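1. Predicted model follows, preceded by the sequence.
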2 protein chains.
Amino acid sequence: MLDVRRLQVLRAVVTSGSVTAAAQHLGYTPSAVSQQLGVLERQAGTRLLARVGRGVRPTAAGRLLAEHAELISRQLAVAETALAELRAGRSGSLTLRYFASAGGPVVAPALAAFRAAHPGVRVTLRLDDPGESLDEVARGAVDAALVVRDPGDRMPGVESRQVAQDPFRAVLPRGHRLAGREELALADLAGEPWVTGEWPVGPCLRRVLDACAAAGFSPDLAVESEDYPTAQGFVAAGLGVAVVPALALGTPHPGVVSRPLSQGPGRPVCLAAAEATWELPTLATLESALRGALREAGAVDAC
Amino acid sequence: MLDVRRLQVLRAVVTSGSVTAAAQHLGYTPSAVSQQLGVLERQAGTRLLARVGRGVRPTAAGRLLAEHAELISRQLAVAETALAELRAGRSGSLTLRYFASAGGPVVAPALAAFRAAHPGVRVTLRLDDPGESLDEVARGAVDAALVVRDPGDRMPGVESRQVAQDPFRAVLPRGHRLAGREELALADLAGEPWVTGEWPVGPCLRRVLDACAAAGFSPDLAVESEDYPTAQGFVAAGLGVAVVPALALGTPHPGVVSRPLSQGPGRPVCLAAAEATWELPTLATLESALRGALREAGAVDAC
DNA sequence: GGCAACCGTTAAGCTGTCCTACATGCTCGA
DNA sequence: TCGAGCATGTAGGACAGCTTAACGGTTGCC
């Protein structure tokens, strides 16, 4: 029933002691202030000011409402400072989903750098499938997701920015005939039996297969495992060779060696967030922290 | 910078989950809500809602502001209930000034009755000169004052209502020649030396002197004291007779007797308060409590 | 895959609010 | 008693804010 704006007018009158002074303070004419007070008194159902001599003095109800107007004004100021804190990145929270092989070598150091820049922001991490992560970004369940994904693949409301290119490396059994080479080409592995580390076929493996097709062959997927450490085990056992993203190597299995692959651009690592979220300075900090951590972990900068 | 009204619109959207539902809830069209949100986003300097699919979802800043809007709304509700409490007389405070002879026999029982009716109201009492009390009522320093005063004497912004007529009584030394009479007339005391209980001459004594002049004589003010108990002591010592308001008798001095005076209307006892203050139910209760206490104390009802 | 329904947004137009300018009633000081 | 100062009415105009109508985009159904 009461109008907040009019309450502020009342407060100005009560604190300044006169209608004229309050009007001058508010940048209005005394008439405007008087009219607002008249409406407020009708809303309140009580006299709020009483004329005394040439001026006015507040009644008990007027003093009461003026005090509460002070509280409301203070509450609004709290909201504004909270918003400013959020915009400045000094508060708030950030939830990030990431994919398995980025966990140890990338997310942990990136989070440390982020914490140094924004001590007041609480970061929530969770490992998840890339597809799931993107859905949750689109639904607003999380703020950002680190995914392997072509940044050109648009998703409505979600903007993905590539933060690194994770190069593929050839993983060979120790003592393999190609282990002596410093660098391999994809075609060198054409005749070998392959061990995969992704099942079902996801964006990483698809990218490798596409590169193989571009190189003119289709690899023999002899063994299909679900994760890269397992695949390294199969390679060490001599069941074949593997093509593994550098980040997914982790600490290499002692029975294998890895060599750079001259071909294949690697897999794109993207940071995905809702379009509005990209305005936050916290996300910018997170992005640069992730870029730095990825570079340290062996990925190359995105163009 | 932020507008409280628009914050409430944002809150409706965030809680209801869609612009259309919020508009329906607020009684507006979705267009109006959308426009208000656009202005609010410009004021906040940040996106507050992000489109997702056919609907919208709040950003971090939007959720933050919606929560604060909730707090502000709650604060406003507190103000409204506080005002309602005040108007209903269940809260607030009341400061009352009274004159000396009304203290014990009138104010104390009246306050007890008032407390029973309004347990939540804090009453502040203070003894003061009638003239001072009225000034403080006019200045708004106190809410009400119990004074001896002709209610016809207008004072700007202050409304005085007579609550009783305090009759004058003749006070004689025990064994005085007139002590045997049941009732005296003012003229009976014409030849006696008088003891006064008010100095300098105030409204009570002036009223008595006026009545004497109307009765055709001017009393011999032999002894002038500053208060009525002292005057009773002088009367008991045989220095003269006195004309004392009934309320001011208190517990009569053992050396004196008091007799009703057939003439003289008594002194008017008024409750004075600012005009706006008379709208409060607490003051109405106080008035009736004072009337009852005055009647009990021996004063007669005002016409 | 095309179509319809739904949602949010935008543009144009209008009504109501709110402020200004001016005049009045009132009080206080000279 | 007159003039200054303050609060308050009244008439008028500017602006904010709502409504209607139209558009772009998305979802779900056929």
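-> Everything's here; your move. Numbering: from 1, shown residues only, chains lettered A, B, ... in the order given.

2. part of a strand, is A:Arg57?
-> Yes - applying DSSP: H, G, I helix; E, B strand; the rest coil, one finds A:Arg57 inside a strand.

3. show me what contacts it?
-> A:49-50, B:139-140 (Cβ atoms under 8 Å, 6 or more residues apart in numbering or on different chains). (C-beta placed from N, C-alpha, C; glycine too.)

4. Can you flag which of those residues belong to helices?
-> Members of the contacts of A:Arg57 lying in helices (criterion: DSSP state H): B:Arg139.

5. Just the buried ones among the contacts of A:Arg57, please.
-> Among the contacts of A:Arg57, the ones that count as buried by 16 or more other Cβ atoms under 10 Å in any protein chain shown are A:49-50, B:140.

6. and which of these is nearest to B:Gly27?
-> A:Leu49 (32.0 Å; Cβ to Cβ).

7. For the closest one, which non-adjacent residue is closest in space?
-> A:Val56 (4.4 Å; Cβ to Cβ, 6 or more residues apart in numbering or on different chains).

8. before we move on, what about A:Leu111?
-> A:Val123 (6.1 Å).

9. hang on, the one you found packs against A:Phe114?
-> Yes - counting by Cβ atoms under 8 Å, A:Phe114 is a contact partner of A:Val123 at 6.6 Å.

10. Out of those two, name the residue with the larger neighbour count.
-> Legend: neighbour count by other Cβ atoms under 10 Å in any protein chain shown for A:Val123 and A:Phe114, higher for A:Phe114 (24 against 17).

11. need the residues of the stretch 1-150 of chain A near chain B, please.
-> A:1-2, A:4-5, A:7, A:44-47, A:49-53, A:57-61, A:64-65, A:68-69, A:71-72, A:75-76, A:78-80, A:82-83, A:86-87, A:92-93, A:138-140, A:143 (Cβ under 8 Å from any Cβ of the partner chain).

12. Can you select the buried ones among these for me in PyMOL?
-> Here is the PyMOL command that selects the buried residues among those (16+ other Cβ under 10 Å):
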select buried, chain A and resi 2+4+7+44+46+47+49+50+52+57+58+59+60+61+64+65+68+69+72+75+76+79+80+82+83+86+87+92+138+140+143
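
13. Among the residues of the stretch 1-150 of chain A next to chain B, which are located in helices?
-> Checking the residues of the stretch 1-150 of chain A next to chain B against DSSP H, those in helices are A:4-5, A:7, A:44, A:60-61, A:64-65, A:68-69, A:71-72, A:75-76, A:78-80, A:82-83, A:86-87, A:138-139.

14. circling back to that earlier point, near DNA strand D, which of the buried ones among the contacts of A:Arg57 show up?
-> Among those, proximity to DNA strand D is found for A:Leu49 (Cβ under 7 Å from any atom of the strand).

15. so who does the residue of the stretch 201-303 of chain A found nearest DNA strand D touch?
-> The stretch 201-303 of chain A approaches DNA strand D most closely through A:Glu275 (11.0 Å), counting by Cβ to the nearest atom of the strand. Taking Cβ under 8 Å, 6+ apart, we find A:Glu275 in contact with A:157-159, B:47, B:50.

16. Turn those residues into a markdown table, including pLDDT.
-> Output for these, formatted as a markdown table (pLDDT from 0 to 100):
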| residue | pLDDT |
| --- | --- |
| A:Gly157 | 68 |
| A:Val158 | 77 |
| A:Glu159 | 81 |
| B:Arg47 | 91 |
| B:Ala50 | 88 |
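
17. Format those as TSV; extra columns: distance to A:Phe99.
-> Below are the contacts of A:Glu275 laid out as TSV (distance: Cβ to Cβ, whole Å):
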residue	distance to A:Phe99
A:Gly157	21
A:Val158	16
A:Glu159	18
B:Arg47	27
B:Ala50	24
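
18. what's the farthest-apart pair in these?
-> Maximum distance among the contacts of A:Glu275 (Cβ to Cβ): 14.2 Å, for A:Val158 and B:Arg47.

19. Could you chop chain A up by domain?
-> A:4-88, A:93-165+A:267-301, A:168-260 (automatic domain parsing).

20. Report the separation between the two terminal residues of the first one.
-> Right, the one you point to is domain A:4-88. For domain A:4-88, the first-to-last residue distance is 28 Å (Cα to Cα, to the nearest Å).

21. pLDDT at the closest residue to A:Glu80 other than its chain neighbours, what is it?
-> In this structure, A:Glu80 finds its nearest non-sequential neighbour in B:Leu2, 5.8 Å apart by Cβ to Cβ, 6+ apart. Model confidence at B:Leu2, given as pLDDT, is 91.

22. residues in contact with B:Leu2?
-> Applying Cβ under 8 Å, 6+ apart, we find B:Leu2 in contact with A:76, A:79-80, A:83, B:40, B:43-44, B:65.

23. Please tell me how far it sits from B:Leu186.
-> Applying Cβ to Cβ, to the nearest Å, the value for B:Leu2 to B:Leu186 is 73 Å.

24. for chain A, which residue is closest to the average position?
-> Geometric centre of chain A, nearest residue: A:Ala144, 3.2 Å, by Cα atoms, centre = their mean.

25. and that residue, bridged to which residues?
-> Beta-bridge partners recorded for A:Ala144 (DSSP bridges): A:Leu96, A:Ala273.

26. tell me the pLDDT at the single nearest residue of the stretch 51-200 of chain A relative to DNA strand C?
-> Relative to DNA strand C, the nearest point of the stretch 51-200 of chain A is A:Gly53 (3.3 Å; Cβ to the nearest atom of the strand). Looking at A:Gly53, its pLDDT reads 78.

27. Enumerate the residues of chain A near DNA strand D.
-> Counting by Cβ under 7 Å from any atom of the strand, chain A sits next to DNA strand D at A:18-21, A:30-31, A:34-35, A:37-38, A:49, A:51, A:54-56, A:156.

28. Please, where are all the strands along chain A?
-> For chain A, the strands defined by DSSP state E cover A:49-52, A:55-58, A:93-98, A:122-127, A:144-148, A:158-166, A:168-173, A:193-196, A:220-224, A:242-245, A:256-260, A:267-274, A:300-301.
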